[in-house]
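**Q** take a look and give me a structure for this.
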Amino acid sequence: MEAIREYLNNMFLNLPETPQVLRAKAELMEMMEDKYEELTAEGMSEKEAVGTVISEFGNLDELAEELGIGDFMKKEEEPQEKKSRHADRRWGLEEAKKYVAFAKTHAMYVALGVMLCIWGPFVESVMDGAIDQGYIGALIGNLLGNMGMFLLVGAAVVLFILASTKTKEYGKISRYTIALEEEAAAYVRENQEKDERRRVLTTCIGVFLCIFSVVPSMGAGLCRNLFAKSILDSSVLFIVGIAVYLLVSGNSLKNRYQELAKAAANYEREQMPNAHAASGTQPIYQKKKVPAFAIVLIVIFGMLVLSLGAIIPFAIYRGNLTTSTTSTVTTEITEEVQGVENAGIPLQTIYVDADAMALNIEATDEVSQPSIQYQGEESRKPNIENKDGALSIKSRSQGFFMHFPFGNLTEKCALTLKIPTSMVQNTKVNI
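**A** Numbers count the residues shown, from 1 in each chain. Okay, the predicted model is just below:
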């Protein structure tokens with residue numbers, strides 16, 4: 001039935017989509033379906049039934065008057081003849097090999113370009129983690145992060161341009177008529193079948209990776225190393241990039257085969273309207289769908305992975321609670337802020353951003369300069385900056401997934417800020 005529907009679409013390809021033409025198309029489709037069901041009910045095979053239906057209803061010129069579209073056929077007759085004379089191409093085995101190679105290269109360029117665009121922010125996020133952990137300086141880290149992101153995006157743009165350039169060599173071939181020699185058609189069909197099996201597999205893997213991509217980020221809060229935590233937290237971009245590559249490459253290659261199949265069908269319809277039905281030859285492209293059971297299995301397996309991704313960090317956290325009486329990973333740090341009147345500028349503002357920890361601010365005569373006391377994990381010690389009359393205390397970033405229930409399973413932290421009483425009246429505190 002799908003072959004009949006595709007053949008009917010090709011029959012009306014060059015006619016305007018007016019209400020009269022669309023009505024005639026629907027009527028003809030109904031007639032062909034009724035005939036097909038009648039033949040199959042009589043015991044005829046599907047292949048034989050399709051051939052008989054196309055041979056009986058496949059000549060639109062004979063049915064035009066009956067369907068009420070004779071005027072449209074006359075208008076299209078002369079341009080169609082000119083198109084058939086000038087647009088037909090005959091491809092041998094060599095041309096078919098070149099087209100298949102083009103289709104695979106084009107799919108790879110487009111898929112790689114999309115993947116690199118997704119990986120750009122991942123590189124920048126990893127560099128931010130290296131800066132927070134102290135592996136590299138802020139200037140070098142920001143430079144490498146920005147350069148890495150723009151280089152990947154730039155490479156993606158180059159790949160898109162190359163893919164577009166290759167496409168121009170063939171143009172929109174589905175609009176033309178291409179005659180494939182028997183050897184060429186067999187070669188295309190063989191490669192298409194292999195690539196279609198591969199596409200089904202890569203589609204399943206790609207969907208699974210999209211589901212799995214959030215699992216590593218759920219365990220980011222368990223890492224005390226900020227660099228490793230940043231990698232886990234942003235790994236969703238890296239994994240999704242691979243998944244998108246698999247999905248885009250397979251579907252892009254599928255589209256190229258479909259365009260060639262339409263061009264070959266155009267030739268058969270215009271030059272040999274009854275050849276397909278009489279010979280019973282197979283089309284060079286047959287649509288195949290991912291089996292429903294495979295999709296269901298992927299979804300079920302993905303849900304199991306997500307469940308395990310949530311349970312395992314929780315189990316680790318419970319284990320840490322059990323042993324917390326005998327093992328302590330917290331540290332206590334007291335730091336007195338020096339140079340509050342640097343370059344003659346008195347301390348005017350204290351800015352505190354400590355959402356991820358307990359905060360206590362005291363005004364006391366025990367200290368002559370602002371004093372900061374922190375208790376908690378070393379990796380979560382806040383960043384302290386004293387510049388131009390402003391003291392800034394900011395929590396380290398805990399990643400995008402800190403809002404997930406199991407995304408920040410670390411011990412509690414506390415911050416105490418002591419301010420001299422003499423500074424309280426002249427100093428503004430923003431929390």
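**Q** and stretch 200-218, what's buried?
**A** Across stretch 200-218, burial judged by 16 or more other C-beta atoms under 10 Å covers 200, 202-218. (Each C-beta comes from the backbone N, C-alpha and C, glycine too.)
**Q** what about the helix or strand containing residue 10, average pLDDT?
**A** For residue 10, the element it lies in under DSSP states H and E is helix 2-11. The average pLDDT within helix 2-11 is 77.
**Q** same for it, what does it pack against?
**A** Here helix 2-11 touches helix 19-41, helix 46-57, helix 226-271, going by 3 or more C-beta pairs under 8 Å, 6 or more residues apart in numbering; DSSP states H and E.
**Q** most tightly surrounded among these?
**A** Ranked by average neighbour count under the criterion mean count of other C-beta atoms under 10 Å, the helices and strands packed on helix 2-11 are headed by helix 226-271 at a mean of 21.
**Q** that one - contacts with which helices or strands?
**A** Based on contacts counted as 3+ C-beta pairs under 8 Å, 6+ apart, the elements that helix 226-271 packs against are helix 2-11, helix 70-87, helix 93-133, strand 178-180, helix 182-212, helix 215-218.
**Q** make JSON lines out of these and add distance to residue 424.
**A** Shown next, in JSON lines, are the helices and strands packed on helix 226-271 (distance: least, C-beta to C-beta, whole Å):
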{"stretch": "helix 2-11", "distance to residue 424": "81"}
{"stretch": "helix 70-87", "distance to residue 424": "86"}
{"stretch": "helix 93-133", "distance to residue 424": "32"}
{"stretch": "strand 178-180", "distance to residue 424": "85"}
{"stretch": "helix 182-212", "distance to residue 424": "53"}
{"stretch": "helix 215-218", "distance to residue 424": "43"}
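**Q** just checking, which of the ones you listed comes out with the lowest mean pLDDT?
**A** The minimum mean pLDDT among those belongs to helix 70-87 (a mean of 52).
**Q** what is the subsequent helix or strand relative to it?
**A** Moving toward the C-terminus from helix 70-87, the next helix or strand (DSSP H and E) is strand 89-91.
**Q** who touches that following strand?
**A** The set of residues external to strand 89-91 that reach it, using C-beta atoms under 8 Å, 6 or more residues apart in numbering, is 99, 176, 177, 178, 179, 180, 181, 184.
**Q** and residue 14, which of the three is it?
**A** coil (DSSP: H, G, I helix; E, B strand; the rest coil).
**Q** phi, psi for it please.
**A** phi -100, psi 10 (degrees, to the nearest 10).
**Q** looking at the helices and strands packed on helix 226-271, which is closest to residue 161?
**A** Between residue 161 and the helices and strands packed on helix 226-271, the shortest separation by C-beta to C-beta is 9.0 Å, and it involves helix 93-133.
**Q** name the helices or strands packed onto that closest one?
**A** Contact partners of helix 93-133 among helices and strands, from 3+ C-beta pairs under 8 Å, 6+ apart: helix 138-170, helix 182-212, helix 226-271.
**Q** mind doing that once more with 10 Å?
**A** For helix 93-133, the contact count by 3 or more C-beta pairs under 10 Å, 6 or more residues apart in numbering; DSSP states H and E identifies strand 89-91, helix 138-170, strand 178-180, helix 182-212, helix 226-271 as packing neighbours.
**Q** in stretch 415-423, which residues are buried?
**A** Of the residues in stretch 415-423, those buried by neighbour count under the rule 16+ other C-beta under 10 Å are 415, 417, 418, 419, 420, 423.
**Q** so for that stretch, mean pLDDT?
**A** For stretch 415-423, the per-residue pLDDT values average out at 81.
**Q** nearest residue to the middle of the chain?
**A** Within the chain, the residue whose C-alpha comes closest to the C-alpha centroid is residue 244; the distance, by C-alpha atoms, centre = their mean, is 3.7 Å.
**Q** give me every residue that touches the residue lying closest to it once chain neighbours are set aside.
**A** Computed as C-beta to C-beta, 6 or more residues apart in numbering, the closest residue to residue 244 that is not its neighbour in sequence is residue 114, at 5.5 Å. Counting by C-beta atoms under 10 Å, 6 or more residues apart in numbering, residue 114 makes contact with 156, 159, 160, 241, 244, 245, 247, 248, 249, 252.
**Q** quick one on the thing from earlier: any chance of the helices and strands packed on helix 93-133 in a markdown table, plus distance to residue 57?
**A** As requested, these are exported to a markdown table (distance: least, C-beta to C-beta, whole Å):
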| stretch | distance to residue 57 |
| --- | --- |
| strand 89-91 | 28 |
| helix 138-170 | 32 |
| strand 178-180 | 24 |
| helix 182-212 | 25 |
| helix 226-271 | 13 |
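**Q** looking at these, which has the lowest confidence?
**A** With a mean of 78, strand 89-91 has the lowest mean pLDDT of these.
**Q** okay, now the sheet partners of that strand, with direction.
**A** Each strand paired with strand 89-91, and its direction, by DSSP bridges: strand 178-180 (parallel).
**Q** quick one, what contacts the closest residue to residue 231 other than its chain neighbours?
**A** Sequence neighbours aside, residue 126 is the residue nearest to residue 231 in space, at 5.7 Å (criterion: C-beta to C-beta, 6+ apart). Shown in contact with residue 126 (C-beta under 10 Å, 6+ apart): 141, 144, 145, 148, 227, 230, 231, 233, 234, 235, 237, 238.
**Q** surely the fourth one meets residue 128?
**A** Read it as residue 148. No - counting by C-beta atoms under 10 Å, residue 148 stays clear of residue 128, with 11.5 Å between them.
**Q** quick check, nearest of the contacts of residue 114 to residue 223?
**A** residue 241 (21.6 Å).
**Q** per-residue pLDDT, the residue of the chain most remote from its centre?
**A** Using C-alpha atoms, centre = their mean, the residue of the chain lying farthest from its centre is residue 365. It sits 59.0 Å away. Per-residue pLDDT puts residue 365 at 81.
**Q** which residue is the nearest non-sequential neighbour of it?
**A** residue 421 (5.2 Å).
**Q** swap in residue 187?
**A** Take residue 187 and drop its neighbours on the chain: the residue closest to it by C-beta to C-beta, 6+ apart is residue 96, 5.0 Å away.
**Q** dihedrals phi and psi, residue 384?
**A** Torsion angles at residue 384 (phi, psi; degrees, to the nearest 10) stand at phi -120, psi 130.
**Q** quick check: it vs residue 195, distance?
**A** When distances are taken as C-beta to C-beta, to the nearest Å, residue 384 and residue 195 turn out to be 58 Å apart.
**Q** who has more neighbours, those two?
**A** When neighbours are counted by other C-beta atoms under 10 Å, residue 195 comes out ahead of the other of residue 384 and residue 195, with 21 against 14.
**Q** SS state for residue 352?
**A** What three-state DSSP gives for residue 352 is strand.
**Q** burial count for it?
**A** By other C-beta under 10 Å, 19 other residues sit near residue 352.
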